[in-house]
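> This is a predicted model, with the sequence first.
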Amino acid sequence: MSISQPSYSLNELLSFWETTVLNVERGYDLCIYEYLNDVSVRAVIGRRILSEPQSKRFAERLSSADKRFIAATERAQGIGVLRDLVGPEHKWLARIPKVLLPDLAEDIAAEQKG
């Protein structure tokens, strides 16, 4: 999903976030750059919720997905690609899954060494 396109509705973005959270809970199986791309949709949702009046109806779904994401992840430590991400819009990107499958685990290990 190219989240920079404004053609996605808030409902579609939220569905994508919920799917991402489910994948994180089960064990994310793609590389770190795919992970960051998928998780970055949460910042887009945050911006859209502030600008769209009908967005309040999505608050419960978003809160539920956010809580599940926090429970399924931990704060990233020493990961080079994440070091420069600061600010509240990046707080979602500063977390990594607790369940690491091979591709993401290898990428994270390589980032921690380098």
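On my side now, so go ahead. Numbers count the residues shown, from 1 in each chain.

> At which residues are the helices of the protein located?
Along the chain, the segments classed as helices by DSSP state H run 10-26, 32-39, 41-51, 59-72, 102-113.

> For residue 29, report the pLDDT, please.
Looking at residue 29, its pLDDT reads 92.

> ok, how many other residues are close to the closest residue in space to it that isn't next to it in sequence?
Spatially, and ignoring its direct neighbours in sequence, residue 29 is nearest to residue 101 (4.5 Å; CB to CB, 6 or more residues apart in numbering). Where C-beta positions appear, they are placed from N, C-alpha and C, glycine not excepted. If you count neighbours by other CB atoms under 10 Å, residue 101 ends up with 14.

> ok, residue 101 - contacts?
Contacts of residue 101 were listed using CB atoms under 8 Å, 6 or more residues apart in numbering, and they are 27-29.

> Can you lay out those as CSV showing neighbour count and distance to residue 60?
Formatted as CSV, these follow (neighbours: other CB atoms under 10 Å; distance: CB to CB, whole Å):
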residue, neighbour count, distance to residue 60
27, 15, 26
28, 24, 25
29, 14, 29
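
> Could you single out the nearest of these to residue 77?
residue 28 (17.3 Å; CB to CB).

> I'd guessed that closest one sits against residue 39; true?
No - between residue 28 and residue 39 there is no contact under CB atoms under 8 Å: 9.2 Å.

> related to what we said a few turns ago, out of the helices of the chain, nearest to residue 96?
Nearest of these (CB to CB): helix 102-113, 6.2 Å.

> Report the buried residues of that closest one.
Going by neighbour count (16 or more other CB atoms under 10 Å), the buried part of helix 102-113 is 104-105, 107-108, 111.

> quick one: that helix to helix 10-26, angle?
Put simply, helix 102-113 runs at 80 degrees to helix 10-26, going by axes from the mean of the first three to the mean of the last three CA atoms, to 10 degrees.

> Relative to the whole chain's centre, how far out is helix 102-113?
Per CA atoms, centre = their mean, to the nearest Å, the displacement of helix 102-113 from the mean C-alpha position of its chain is 17 Å.
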